[in-house]
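In: Sequence first, then the predicted structure:
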Amino acid sequence: MVEYRIDRRSGVATYLQIVQQTQQALRLGLLAPGDKLPTAREVVEATAINPNTVLKAYRELEREGLVEARRGLGTFVRRTLGAAAPADSPLRAELADWARRAHAAGLDREDAAALFGAVLDENFPKGDQ
């Protein structure tokens, strides 16, 4: 099950953080079709956010065709996204090693993300999204 982490300082709307984290979990294979998302109540208890925010995020995910709400049962994954490298792939291990080296070199999270984003932009043309 996915556990949402809300960063109130990020400048990203809370409901969008839930949407993005769910999408990431789908890309990484942490969520698969048929899996149940946490209930709004569970998310509220874990993150101390408004239940309507969770419901708004789940509605957005439903609009995108990623999840479906089943009355009285919960919200379930309908389909996955992308083909990201699984947790045990060599690519993921190399990226984890790079992240450790970046941290050891004194980069903070935002610096590392900016550097990685710049390299992605250089190597993936805008139409490859």
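Out: Arrived safely, thanks for sending.
In: what bridges to the nearest residue to R70 once chain neighbours are set aside?
Out: Leaving aside its chain neighbours, R70 sits nearest to F76 (6.2 Å; criterion: Cβ to Cβ, 6 or more residues apart in numbering). All C-beta atoms are positioned from the backbone trio N, CA, C, and that covers glycine. Using DSSP bridges, the beta-bridge partners of F76 come out as K36, E68.
In: ok, so what distance separates F76 from K36?
Out: For F76, the distance to K36 equals 5 Å [Cβ to Cβ, to the nearest Å].
In: As a check, name the ranges of all strands in this structure.
Out: Under the criterion DSSP state E, strands of the chain are mapped to 67-70, 74-77.
In: And the residue in the chain sticking out farthest from the centre, its phi and psi?
Out: Largest separation from the mean C-alpha position in the chain: A105, at 26.4 Å (Cα atoms, centre = their mean). When quoted as degrees, to the nearest 10, the phi and psi of A105 stand at phi -80, psi 0.
In: So it versus A93, what's the distance?
Out: 19 Å.
In: Equivalent analysis for N123, please.
Out: In this structure, N123 and A93 are 19 Å apart, going by Cβ to Cβ.
In: which one of those two has more residues nearby?
Out: The neighbour comparison of N123 against A93 (other Cβ atoms under 10 Å) goes to A93, with 12 against 8.
In: Give me the pLDDT for the more buried one.
Out: Per-residue pLDDT puts A93 at 86.
In: what sits against it?
Out: Listed by Cβ atoms under 8 Å, 6 or more residues apart in numbering, the contact set of A93 is empty.
In: So that it lines up with my notes, have the first residue be 14 from now on.
Out: Sounds good: first residue 14 from here, last item A106.
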